[in-house]
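>>> When you get a sec, could you give me coordinates for this:
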Amino acid sequence: MQADARTRRDGERGIAASVDAMRLDIGDLATYRPGTRPTEGLHLTRASARRLTREAEKIKAFLSIPEIVHRLGVPDSAVRAVLHDADRPHQLTGAPRFLHRLTRVNLVDTALTHPQLLKRLGLDLSLLTTLTKLTRPQIADRFSFAFQLPKPPAGALRLQRVTVDKDGIRSDVSASGLLLGR
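Residues are numbered from 1 along each chain as shown. Take a look at the predicted model:
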């Protein structure tokens, strides 16, 4: 799990924090980014896309689905040639743009629309159930929060040196002129 986090002092008594660009890496197989933009969702990593392009039968499974072919920008004539010639998949998939485009295909959307693809790729069909749960992000794409310490009835209260560590947000608090006790 990776994310960008920012924490800052907000005035003399406040702290604000935001976390975004969240990403869940699933080994070197795929990356999941929550959200609805085209770069978000479940996508093959470059390493797994490269491995896939070396396996003619699996790439033929991908290319037999018109929706994927159009997303990849592969001409229909090239697809027909690849599906009928055992040597052609490697010629087509060796192109750098093809590999880049393959990593941009959202696997969740593709598997939901074409569940037979998982079987052709040699993946367990029960994976589809897990993928459908991922489409409703269980991790947020971004969040933020802020808080202010209450203003004391007398004196001054200030936050200093705001830091974040594995146990949470830490800050030194300084005060002057506060009444303690009765």
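
>>> Would you point out which residue is most central in this protein?
A centroid search over the chain (C-alpha atoms, centre = their mean) returns residue 33, at 1.6 Å, as the residue closest to the centre.

>>> my read: it touches residue 20, true?
No - taking C-beta atoms under 8 Å as the definition, residue 33 is not a contact partner of residue 20, at 10.7 Å. In short, each C-beta sits where N, CA and C put it, glycine included.

>>> Which neighbours do these two have in common?
Overlap between the neighbourhoods of residue 33 and residue 20 consists of residue 141, taking contacts as C-beta atoms under 8 Å, 6 or more residues apart in numbering.

>>> circling back: got the contact list for the residue nearest to the centre of the chain?
The contact partners of residue 33, by C-beta under 8 Å, 6+ apart, come to 22, 23, 24, 39, 40, 41, 43, 141.

>>> Quick one: neighbours of the first one, just the number.
Burial of residue 22 is recorded as 21 neighbouring residues (other C-beta atoms under 10 Å).

>>> Report the secondary structure state of it.
Of the three states, residue 22 takes strand under DSSP: H, G, I helix; E, B strand; the rest coil.

>>> measure it to residue 2 for me?
In this structure, residue 22 and residue 2 are 7 Å apart, going by C-beta to C-beta, to the nearest Å.

>>> Give me the buried positions along stretch 19-39.
Applying a neighbour-count criterion of 16 or more other C-beta atoms under 10 Å, one finds 19, 22, 24, 30, 31, 32, 33, 34 buried in stretch 19-39.

>>> Okay then, goodbye and thanks.
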